[in-house]
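**Q** fold the following, please.
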Amino acid sequence: MTTVGILGGGQLARMMAISGAPLGLRFLLLDNVADACAGQFAPMLVGDYRDESILAEFADKVDVATFDFENVPAESAHWLSSKVAVFPNPNALAVSQDRLAEKNLFRQLGIGVPEFRDIPDFENLQSAIAEIGMPCILKTRRLGYDGKGQYRIKTEADIAAAWTALGAQTLTVGLILEAFVPFEREISVVAVRGRDGEFRHWALTENWHEQGVLSASLAPATDTAAFEAEAIACARKVAEALDYVGVFALELFLCDGRLMANEMAPRVHNSGHWTIEGAETSQFQNHLRAVLGLPLGSTRSVGVSCMLNWIGALPDAGPVLNETGGHWHDYGKSPRAGRKVGHATLREESAVALAETLARVGEALLREAQVAQVLSRLR
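**A** A predicted model of the protein is given here:
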């Protein structure tokens with residue numbers, strides 16, 4: 001029986017392990033905390049990702065390794081790859097961990113990006129702002145996700161405050177300044193590439209955020225005919241340039257009719273959770289198929305889906321489960337402000353039916369604000 005090793009034991013590893021059961025797979029996790037939620041479904045080693053002794057034990061017990069979050073140290077993935085096959089490859093992981101390297105890759109591939117500058121010190125921050133203009137966003141090059149490690153600069157008064165908040169990071173993870181993009185829509189391409197180079201993608205997904213954290217996703221995204229082919233071509237370019245194997249997401253902004261890349265995630269992605277019930281093959285199972293060298297499954301959509309993220313604490317499951325197309329996912333985490341603790345997917349045969357279902361669920365859960373923007377796309 002094949003054992004898949006996963007670096008990271010969060011909800012993405014949890015859903016991966018669940019989706020791998022029908023394939024007869026076993027799993028071994030490595031996480032630095034003992035209560036990681038995927039540990040409820042698979043055996044887990046607990047230790048530092050940089051500890052070569054625990055990495056060696058992990059490698060000895062698995063047939064292939066992957067990861068469920070992009071902040072696994074790239075050097076650990078490189079070390080591990082000398083002992084066991086690791087997918088996606090450590091180079092892809094390293095590029096996606098560094099916003100500067102990532103933006104440079106997009107630019108080299110001819111993919112649109114907002115103006116950006118490397119920021120090694122305060123003087124460079126000042127000169128970069130003079131060139132790019134305001135508003136703009138100062139970000140850590142590494143370790144930022146879900147809106148963390150960012151400071152929006154709107155006026156001259158914000159410059160010193162931004163440096164006070166993030167300036168010390170120049171010595172550890174580095175900083176990058178990006179022009180603010182007044183985007184009209186955020187679209188993600190969730191795609192998969194196999195060991196043999198086969199490339200498949202799911203329907204384009206439109207996303208909405210609250211305080212930097214994904215709040216809702218709609219798939220297929222509506223009114224995408226004008227830019228769908230370009231978005232998919234961008235994702236394919238990235239996958240081929242990195243010799244990528246597995247599932248990834250490319251986040252794109254639509255602004256004044258142009259697509260601009262925001263970032264890529266080298267893993268299964270929050271905006272692809274709808275694929276569990278809304279596609280012939282979920283992102284989780286296709287990721288496993290890819291890293292194992294198995295044939296990829298169909299990514300065809302089944303109906304129209306909306307995924308709602310639950311942040312901080314779970315609401316009542318009843319209104320979702322009362323719906324024929326309602327699907328509930330509890331990650332087994334304790335409540336905490338800002339924490340992703342679960343999601344629900346509502347799936348119907350048509351946009352009209354989904355809008356009706358979504359409105360009922362939003363009203364019952366007092367989540368009208370969360371569903372309002374999605375409803376505007378469906379009506």
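**Q** which residue ranges form the helices in the stretch 251-379 of the chain?
**A** 275-278, 283-292, 318-321, 351-364, 368-378 (DSSP state H, counting those that start in this stretch).
**Q** redo the ones you listed as JSON lines? Include distance to Tyr244.
**A** To be clear about C-beta, it is placed using only N, CA and C from the backbone, and glycine gets the same treatment. Output for the helices of the stretch 251-379 of the chain, formatted as JSON lines (distance: least, CB to CB, whole Å):
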{"stretch": "helix 275-278", "distance to Tyr244": "18"}
{"stretch": "helix 283-292", "distance to Tyr244": "9"}
{"stretch": "helix 318-321", "distance to Tyr244": "34"}
{"stretch": "helix 351-364", "distance to Tyr244": "32"}
{"stretch": "helix 368-378", "distance to Tyr244": "30"}
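**Q** assign Trp208 to helix, strand or coil.
**A** With DSSP: H, G, I helix; E, B strand; the rest coil as the basis, Trp208 sits in strand.
**Q** in contact with Glu206, which residues?
**A** Contact analysis of Glu206 by CB atoms under 8 Å, 6 or more residues apart in numbering lists 185-187, 217-219, 221-222, 377.
**Q** just the ones in helices from those, please.
**A** Using DSSP state H, the subset of the contacts of Glu206 located in helices is Arg377.
**Q** now, which of the contacts of Glu206 sits nearest Leu358?
**A** Comparing those against Leu358 with CB to CB places Leu218 closest, at 9.3 Å.
**Q** just after the helix or strand containing Leu80, pick out the following helix or strand.
**A** Per DSSP states H and E: Leu80 is located in helix 74-81. Sequence order places helix 90-97 as the next helix or strand after helix 74-81, per DSSP H and E.
**Q** which parts of that following helix are buried?
**A** Residues of helix 90-97 classed as buried: 90, 92-97 (neighbour count, 16 or more other CB atoms under 10 Å).
**Q** now, which of these sits nearest Ala74?
**A** Ala94 (4.0 Å).
**Q** quick check: pLDDT value at that closest one.
**A** With respect to pLDDT, Ala94 scores 92.
**Q** do Gly257 as well
**A** 88.
**Q** relative to Pro182, how far out is it?
**A** To Pro182, Gly257 is 13 Å away according to CB to CB, to the nearest Å.
**Q** again with Gly167
**A** 26 Å.
**Q** what of Leu218?
**A** Distance, Leu218 to Pro182, by CB to CB: 21 Å.
**Q** more neighbours: the two, which one.
**A** Neighbour count, other CB atoms under 10 Å: between Leu218 and Pro182, Leu218 has more, with 26 against 9.
**Q** write down the beta-bridge partners of the more buried one, one by one.
**A** Glu206, Cys306 (DSSP bridges).
**Q** list the residues that contact it.
**A** By CB under 8 Å, 6+ apart, the neighbours of Leu218 are 205-207, 304-306, 374, 377-378.
**Q** how about low-confidence regions in the stretch 101-250 of the chain?
**A** 144-147 (pLDDT under 70).
**Q** ranges for the helices of it?
**A** 122-132, 156-166, 228-241.
**Q** out of the ones you listed, which is the most enclosed?
**A** helix 228-241 (a mean of 18; mean count of other CB atoms under 10 Å).
**Q** burial measure for Asp223, as a count.
**A** Counted with other CB under 10 Å, residues neighbouring Asp223 total 10.
**Q** tell me which residues touch it, please.
**A** Arg377.
**Q** tell me how far it lies from Thr164.
**A** 42 Å.
**Q** please apply the same query to Phe27.
**A** For Phe27, the distance to Thr164 - CB to CB - is 43 Å.
**Q** I'd say Val320 and Gly326 touch.
**A** Yes - in this structure Val320 lies within contact range of Gly326 using CB atoms under 8 Å: 4.1 Å.
**Q** so what's the most centrally placed residue in the chain closest to, chain neighbours aside?
**A** What sits nearest the mean C-alpha location of the chain, by CA atoms, centre = their mean, is His269, with 3.5 Å. Computed as CB to CB, 6 or more residues apart in numbering, the closest residue to His269 that is not its neighbour in sequence is Ala249, at 3.5 Å.
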